[in-house]
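Visitor: Generate a structure from the sequence data that follows.
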Amino acid sequence: MEKVALLVRVSTDKQDYQRQIVELTQYCSKVGWEVAETFANKVSGAKKNEDREEIQSMIEYIKGNSIRRVVCLEISRLGRNTLEALKIIQTLNENGVSLYVKNYNLETLTEDGKVNPIASLICTILLEIASMERLTIKERMESGRKQYIEKCRREGIKMGRPATYRKSEESYKEQYQKEISLLRKGISLSNVSKITGTSINTLRKVKSLFG
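Guide: Predicted structure coming up:
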């Protein structure tokens, strides 16, 4: 039975990648692939590969464990930055590892280990579409925010949280359990931010409460 690695990702702490893992694991079992390792993270897909722990760990793992296929659910799981995502595919190809994209049934390498030009073209197009969608959503959100601010200004509505608002320590403790654990181990703010995707300012607040 061929051993494969799974690659999953979600963009925010509020999302859960368990659905991706379950769906991919079930599919691999169906086609006769054994899931040797899963690489997952909650991190913005716009980040560089060097800042994504799961990508660095995956590359090291496939080099030392005879993995010849990495499986992901959607091409956007590689990242929303087209260039960075294509770098991942190139690195896999250079190590004789095919990326299999389940929802499009795409393999980046052919059965004899050569680069699949059609799959490469489709992946590039899909990544560009994902990048354009991200930009469009960002522009719409910014436009909506500006319209809301202008409406509040015209109607004399004060924006922002009430002056009495304070997030409870218990809420911080529950939401940032991983961050607290890493900080207590002496890991720097910048490294914890890279691992978890949490902003430096938020980590400073967490450290002041629980460090």
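Visitor: Could you use CA atoms for every contact and neighbour count after this?
Guide: OK.
Visitor: Walking through this structure, point out its helices one by one.
Guide: According to DSSP state H, the chain carries its helices in the segments 18-31, 53-64, 82-94, 117-155, 169-175, 177-184, 189-196, 200-210.
Visitor: need the contact list for E179.
Guide: V192, T196, L203, V206 (C-alpha atoms under 8 Å, 6 or more residues apart in numbering).
Visitor: Between those residues, which sits nearest M141?
Guide: Proximity of the contacts of E179 to M141 was ranked by C-alpha to C-alpha; the top entry is T196 with 24.4 Å.
Visitor: Where does the prediction get shaky in this protein?
Guide: Confidence mapping of the chain against pLDDT under 70 gives the ranges 11-16, 42-51, 80, 134-135, 137-138, 158-168, 211.
Visitor: Pop the domain breakdown of it in here.
Guide: Structural domains annotated on the chain: 2-128, 169-210, as defined by automatic domain parsing.
Visitor: measure the longest one end to end?
Guide: Criterion C-alpha to C-alpha, to the nearest Å; first-to-last residue distance in domain 2-128 is 31 Å.
Visitor: Could you do stretch 66-77 as well?
Guide: Separation of the first and last residues of stretch 66-77 by C-alpha to C-alpha is 23 Å.
Visitor: Give me the distance from that stretch to the chain's centre.
Guide: If you compare the mean C-alpha spot of stretch 66-77 with that of the full chain, they lie 13 Å apart, counting by C-alpha atoms, centre = their mean, to the nearest Å.
Visitor: And stretch 119-139, by the same measure?
Guide: The mean C-alpha position of stretch 119-139 is separated from the chain mean by 15 Å, C-alpha atoms, centre = their mean.
Visitor: same question, stretch 30-37
Guide: A distance of 22 Å separates the centroid of the chain from that of stretch 30-37, by C-alpha atoms, centre = their mean.
Visitor: hmm, who's touching it?
Guide: For stretch 30-37, the external contacting residues (C-alpha under 8 Å, 6+ apart) are M1, E2, K3, V4, A5, L6, T25, C28.
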